[in-house]
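Asks: Show me how the following folds:
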Amino acid sequence: LSAFRLFGPFSAVQLHSLLHIITWNVGSAVPPDDITSLLGLNVGDGNTDMYIVG
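Replies: As a prediction, the model looks like this:
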């Protein structure tokens, strides 16, 4: 969970972003065709703002 602050002349706003970061590093194995489980798309509350895949 990251928090960013944007400062204006009269107020400050706090924004929260939820990141889901995954990597695939298992030797020469290829990632599965369906990456739903890797991304966690079928789990949780669905409030992820950004996915990072490496």
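Asks: shouldn't residue 21 be in contact with residue 48?
Replies: No - using C-beta atoms under 8 Å, residue 21 is not in contact with residue 48, being 10.3 Å away. No exception for glycine: its C-beta is placed from N, CA and C like everyone else's.
Asks: Who has more neighbours out of these two?
Replies: For residue 21 and residue 48, the more surrounded residue by other C-beta atoms under 10 Å is residue 48, and the numbers stand at 14 against 9.
Asks: which non-adjacent residue is nearest the more buried one?
Replies: With C-beta to C-beta, 6 or more residues apart in numbering as the measure, residue 20 is the residue that lies nearest to residue 48, at 4.7 Å, once sequence neighbours are left out.
Asks: Same question for residue 32.
Replies: With C-beta to C-beta, 6+ apart as the measure, residue 38 is the residue that lies nearest to residue 32, at 7.3 Å, once sequence neighbours are left out.
Asks: If you count contacts, what does the helix or strand containing the one you found end up packed against?
Replies: In this assignment (DSSP states H and E), residue 38 forms part of helix 36-39. Judged by 3 or more C-beta pairs under 8 Å, 6 or more residues apart in numbering; DSSP states H and E, the packing partners of helix 36-39 are strand 19-22, strand 50-53.
Asks: Show me what the first one is packed against.
Replies: Here strand 19-22 is seen to pack against helix 36-39, strand 50-53 when contacts are counted using 3+ C-beta pairs under 8 Å, 6+ apart.
Asks: and it, which strands flank it?
Replies: Taking DSSP bridges as the criterion, strand 19-22 forms sheet pairs with strand 50-53 (parallel).
Asks: So for the strand it pairs with, mean pLDDT?
Replies: Along strand 50-53, the predicted local confidence has a mean pLDDT of 83.
Asks: what bits of this protein have low per-residue confidence?
Replies: Scanning the chain with the threshold set as pLDDT under 70 gives 1-15, 43-46.
Asks: Repeat the analysis, applying 80 as the threshold.
Replies: Along the chain, the parts satisfying pLDDT under 80 run over 1-17, 24-26, 31, 37-47, 54.
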